[in-house]
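Novice: no sequence on this one, just coordinates:
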């Protein structure tokens, strides 16, 4: 895989930190990694954006933004309100392909969920993934309500013929409740895709050296790490639920 699209089932669920973890593991393995943020919202012109944060944490080789809009809204709405040109799926695909020509791996981090509108034509991150023929890594929260949003995202990907690489829990609680622990078993079934990691809450606050040293332990071998889904679930989930399916 030279391009992976990273989408969430919602916003503020750890998508940027998961992207940074994937980038850190790939970089440590000697791959040149570029991070593309098609539309950055809710950040001022002089503030660090998500792509910048991924580079800071992971040591990735490069980053790019295609549009930055000050209000924390869906990209299409934020662009319209700012009087700026929106970023469409074709622009995203073209930029990702250009980066892939110069780097071993390109991570395209979306804004919010898979079907958030990018432009007035209703273009979405799913459309960009379809144009690229790239798999989507879905980041999801740990707790109550995540199964439905994960299943809906997976269904939307299947309906569009887009491959789902798997699911990563974006912020695994230090003290998980019953729902979170049960979800370790249920998430792969809801997604019809493997559970590929669990990033601990607060990981983004680590200094870059500590983050890079730990990242491989949060991600499964399919993402270059050593995390074992079955072992993690067995240690966390109630015994009556069995293991990850």
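Specialist: Everything's here; your move. Not measured: the values here are computed from a predicted model.
Novice: wait, what's in contact with residue 57?
Specialist: 17, 20, 23, 24, 204, 206, 208, 211, 212 (CB atoms under 8 Å, 6 or more residues apart in numbering). Placement of C-beta: from N, CA and C, glycine included.
Novice: what sits closest to it if chain neighbours are left out?
Specialist: Ranked by CB to CB, 6 or more residues apart in numbering and with sequence neighbours excluded, the top spatial neighbour of residue 57 is residue 20, at 4.0 Å.
Novice: where does pLDDT dip in this protein?
Specialist: For the chain, the stretches with pLDDT under 70 are 1, 237, 239-245.
Novice: can you map out the strands along it?
Specialist: For the chain, applying DSSP state E gives strands covering 3-8, 33-37, 40-41, 62-65, 68-69, 105-113, 136-140, 164-172, 195-200.
Novice: tell me the contacts of the closest residue to residue 116 other than its chain neighbours?
Specialist: Leaving aside its sequence neighbours, residue 116 sits nearest to residue 74 (CB to CB, 6+ apart; 4.9 Å). Residue 74 sits next to 41, 111, 112, 116, 117 when contact means CB under 8 Å, 6+ apart.
Novice: out of the residues you listed, which comes closest to residue 11?
Specialist: Distance to residue 11, by CB to CB, is smallest for residue 112 among those, at 4.5 Å.
Novice: quick one: the closest one and residue 143, what's the gap?
Specialist: 18 Å (CB to CB, to the nearest Å).
Novice: those two - which one has more neighbours?
Specialist: Between residue 112 and residue 143, counting by other CB atoms under 10 Å, residue 112 is the more crowded of the two (22 against 17).
Novice: once you drop chain neighbours, what's closest to residue 14?
Specialist: The spatial neighbour of residue 14 that comes closest, neighbours along the chain excluded (CB to CB, 6+ apart), is residue 170 at 2.3 Å.
Novice: having no further points to raise, I will conclude here.
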